[in-house]
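> No letters, just coordinates:
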């Protein structure tokens, strides 16, 4: 009885309908004919949408390749349509529009559903940036494109190749955007680097959050591992980040949140959803494993992330099977339709390779500032400073020998950060050369990457050295060349790599430029990135600063033609 009453209500709605939904008007006309009965779906539609006012559009709308292919097959068209005519948006659901329109110019309008993810909404926002305040460290042309792309989009992925200056571009974009508060989320090892980069361009208050103590500033920098101290998914009393009024989130090394099931990803996803504005930075290629990018695309609200099952089937060669225990399991580690994926995500991602950028120098030298927490360093350095006060006139050789222990501590403490950089480089499928002055870190690195690394050190024969060089140059499986700075810094060619990493510094200035040039030689087709992790407030930073002053060339850290003894004297006299 209730069902009959409900059906009668729908017919009554139709009889009195005077709205502008063409589909409902068409049903109204048909319902007045004898023997016409509404289907269950038609009745549900009328009941749900009769009060919705349809939106008049009257324009051709771009559609993506998936819908284009589908329409070509359904309508047996000679070519894939690139647009559809939208006379009206009759109504909409969470994931689709009900359209009154057509695909072919010559046909009459009719109703059809279109997934929202397959409609391309062009971003017509225009951005004009005054770069005058940044003239002391001006962004390059490709960085300006990145800055303006970020500013055009509340949610965006900057996925430029290593060495293209993603951090600088994002810092300048954030200053131009000028929101009340910006949260920067990054690995712990990069917090100081972010602080320094922001300080290069503005005087705003910048704070670094440590442990469980929250700090307030215009820029708040926090590492992934302690986010849980300030935002809980279960305990609503822990909402410190949201309560602080964050308006923009910047997530560096965004591949850290590629696994949506991890705790850190769940926290990031929740924060980004609630804040609403997020820029992601990652240098990892977008095409290596598409499953790794689903969560990133979801965070920036890309249209391809609206349906996980559709995504994994189309781009990850996704297949479902049953485990021996009877559970349904998805296999999603494949890669299919990658050109289509790039096309469908280009509105949310900017990705350039160094080989595609014309305004780069041939070699980019980048310091990466780190914090050293070592009681052993403090103890040994303190002992040296106490001794040095009354022994300034001792020979440079004696001073150098006294500092050897300090340098060894720095080299060993640096290893965990060096491994992070190596792992990021491997993720980008690039080869890397790592230099160190000491045997212990050399051997530890080789042991950690035994399957895909070779080593070179002083005690090796010429034949053994050449074998290491040849394997690195010619074997695609060998990604890491680990070398003693003195032994491997001259006389060899390692152009298979475009990344050079100095685990620790030499006190001989020319050692570094010579080592950099193992990759930067005839035959090198790419810009070479030379990375210098530097412990802040240590003797290493002092050496780095003095070398910069000596060379007096922007973006160059180590160089030739600097007198060794004079340089060492300057270091010792600066204590």
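Arrived safely. None of the values given here were measured: they were computed from a predicted structure.
> Regarding the chain, what is its longest helix?
Criterion DSSP state H: the longest helix present in the chain is helix 396-413.
> Please list the outside residues in contact with that one.
For helix 396-413, contacts defined as Cβ atoms under 8 Å, 6 or more residues apart in numbering pick out 372, 374, 376-377, 380-381, 384, 387-388, 391, 436-438, 440-441, 503-505, 507, 535, 538-540, 565, 568-569, 572. For the C-beta atoms, the positions are set from N, CA and C on the backbone; glycine is no exception.
> Report the buried residues of that helix.
By neighbour count on 16 or more other Cβ atoms under 10 Å, the buried set for helix 396-413 is 396, 399, 402, 403, 406, 407, 408, 409, 410, 411, 412, 413.
> And the pLDDT at the second one?
The score at residue 399 is 82. That number is its pLDDT.
> For residue 565, give me the pLDDT.
Looking at residue 565, its pLDDT is 66.
> before we move on, the earlier item: looking at the buried residues of helix 396-413, spot the one nearest residue 474.
Nearest to residue 474, judged by Cβ to Cβ, of the buried residues of helix 396-413 is residue 411 at 29.6 Å.
> Residue 500 contacts residue 526, doesn't it?
No - Residue 500 is beyond contact range of residue 526, at 12.0 Å (criterion: Cβ atoms under 8 Å).
> circling back: can you say which of the contacts of helix 396-413 are buried?
Among those, those scoring as buried are 372, 377, 380-381, 384, 388, 436-438, 441, 503-505, 507, 535, 538-540, 568, 572 (criterion: 16+ other Cβ under 10 Å).
> ok, the residue nearest to residue 418 when sequence neighbours are not counted - contacts?
Sequence neighbours aside, residue 503 is the residue nearest to residue 418 in space, at 4.9 Å (criterion: Cβ to Cβ, 6 or more residues apart in numbering). Shown in contact with residue 503 (Cβ under 8 Å, 6+ apart): 411, 414, 415, 418, 434, 435, 436, 441, 445, 533.
> of residue 500 and residue 526, who's got more company?
Per other Cβ atoms under 10 Å, whichever of residue 500 and residue 526 has more neighbours is residue 500, with 25 against 19.
> Quick one: neighbours of residue 210, just the number.
Residues lying near residue 210 (other Cβ under 10 Å) number 15.
> So residue 197 sits against residue 169, correct?
No - with contact defined as Cβ under 8 Å, residue 197 does not count as touching residue 169 (10.4 Å).
> Mind checking which of these two has more residues around it?
Using other Cβ under 10 Å, the more surrounded residue of residue 197 and residue 169 is residue 169, with 26 against 20.
> shouldn't that one be in contact with residue 158?
Yes - Residue 169 lies in contact with residue 158 (Cβ under 8 Å); the separation is 6.6 Å.
> Select from the contacts of helix 396-413 every entry located in strands.
Per DSSP state E, strands hold the following members of those: 436, 535.
> Take the contacts of helix 396-413 and keep only those in helices.
Using DSSP H, the members of the contacts of helix 396-413 that fall in helices are 376-377, 380-381, 384, 387-388, 440-441, 539-540, 565, 568-569, 572.
> Nearest residue to residue 497 in space, please, no chain neighbours.
Using Cβ to Cβ, 6+ apart, the closest residue to residue 497 is residue 431 (4.0 Å).
> Next, count neighbours for that neighbour.
Counted with other Cβ under 10 Å, the neighbours of residue 431 add up to 21.
> And residue 22, by the same measure?
As a measure of burial, residue 22 has 17 neighbours, counting by other Cβ under 10 Å.
> ok now do the closest residue to it other than its chain neighbours, which residues does it touch?
Once flanking residues are discounted, residue 22 sits nearest to residue 100: 4.7 Å by Cβ to Cβ, 6+ apart. Shown in contact with residue 100 (Cβ under 8 Å, 6+ apart): 22, 23, 54, 86, 87, 88, 89, 90, 109, 110, 111.
> change it to 7 Å
22, 23, 87, 88, 90, 109, 111 (Cβ atoms under 7 Å, 6 or more residues apart in numbering).
> Can you tell me which of those has the most neighbours?
residue 90 (25 neighbours).
> looking at it, that residue is touching residue 54, isn't it?
Yes - assessed by Cβ atoms under 7 Å, residue 90 is found in contact with residue 54 at 4.8 Å.
> Tell me the residues that contact both of those two, please.
residue 21.
> can you list the weak-confidence ranges in the stretch 251-400 of the chain?
The model of the stretch 251-400 of the chain has pLDDT under 70 over residues 285-288.
> if we can go back for a sec, which residues does the residue nearest to residue 22 form beta bridges with?
When bridges are called by DSSP bridges, residue 100 pairs up with residue 88, residue 111.
> Find the residue at the geometric middle of this protein.
residue 282 (1.6 Å; Cα atoms, centre = their mean).
> Kindly provide the distance from that residue to residue 248.
From residue 282 across to residue 248, the span is 17 Å (Cβ to Cβ, to the nearest Å).
> Provide a list of residues in contact with the closest residue to residue 43 other than its chain neighbours.
Using Cβ to Cβ, 6+ apart and skipping the chain neighbours, the partner closest in space to residue 43 is residue 10 (4.6 Å). Counting by Cβ under 7 Å, 6+ apart, residue 10 makes contact with 38, 43, 46, 47.
> repeat that for 10 Å
Residues counted as contacts of residue 10 (Cβ atoms under 10 Å, 6 or more residues apart in numbering) are 27, 31, 38, 42, 43, 44, 45, 46, 47, 50.
> in which helix or strand would I find it?
Assigned by DSSP states H and E, residue 10 belongs to helix 2-16.
> domains for the protein, by residue range?
The record's domain split for the chain, according to automatic domain parsing, is 1-52, 54-122, 132-356, 363-573.
> What mean pLDDT does the second one get?
Read that as domain 54-122. Mean pLDDT, computed over domain 54-122, is 92.
> For residue 258, grab the count of nearby residues.
Residue 258, neighbours per other Cβ under 10 Å, totals 17.
> Check whether it really touches residue 157, as I assumed.
No - using Cβ atoms under 10 Å, residue 258 makes no contact with residue 157, being 11.8 Å away.
> quick one: common contacting residues for those two?
282, 293, 296.
> residues in contact with the first one?
Contacts of residue 282 were listed using Cβ under 10 Å, 6+ apart, and they are 157-160, 166, 251-258, 292-293, 296, 349, 351, 424, 427-428.
> Could you rerun that using 8 Å?
Going by Cβ under 8 Å, 6+ apart, the list of residues near residue 282 reads 157, 158, 159, 253, 254, 255, 296.
> on that earlier part again, overlap in contacts, residue 169 and residue 158.
Taking Cβ under 8 Å, 6+ apart as the criterion, residue 169 and residue 158 both touch 146, 150.
> So the residue of the chain positioned farthest from its centre: helix, strand or coil?
Centroid-distance maximum for the chain: residue 34 at 62.4 Å, with Cα atoms, centre = their mean. Per DSSP: H, G, I helix; E, B strand; the rest coil, the secondary structure class of residue 34 is coil.
> now the strands for the stretch 1-150 of the chain?
Secondary structure of the stretch 1-150 of the chain (DSSP state E, counting those that start in this stretch): strands at 55-62, 83-92, 96-102, 110-115.
> ok now the second one, how far from the chain's centre?
Read that as strand 83-92. Remark: strand 83-92 is offset 35 Å from the chain centroid, using Cα atoms, centre = their mean, to the nearest Å.
> Closest to residue 324 out of the contacts of residue 503?
Among those, and counting by Cβ to Cβ, the member closest to residue 324 is residue 445, at 40.1 Å.
> Just to be sure, the closest one is in a helix?
Yes - assessed with three-state DSSP, residue 445 lies in a helix.
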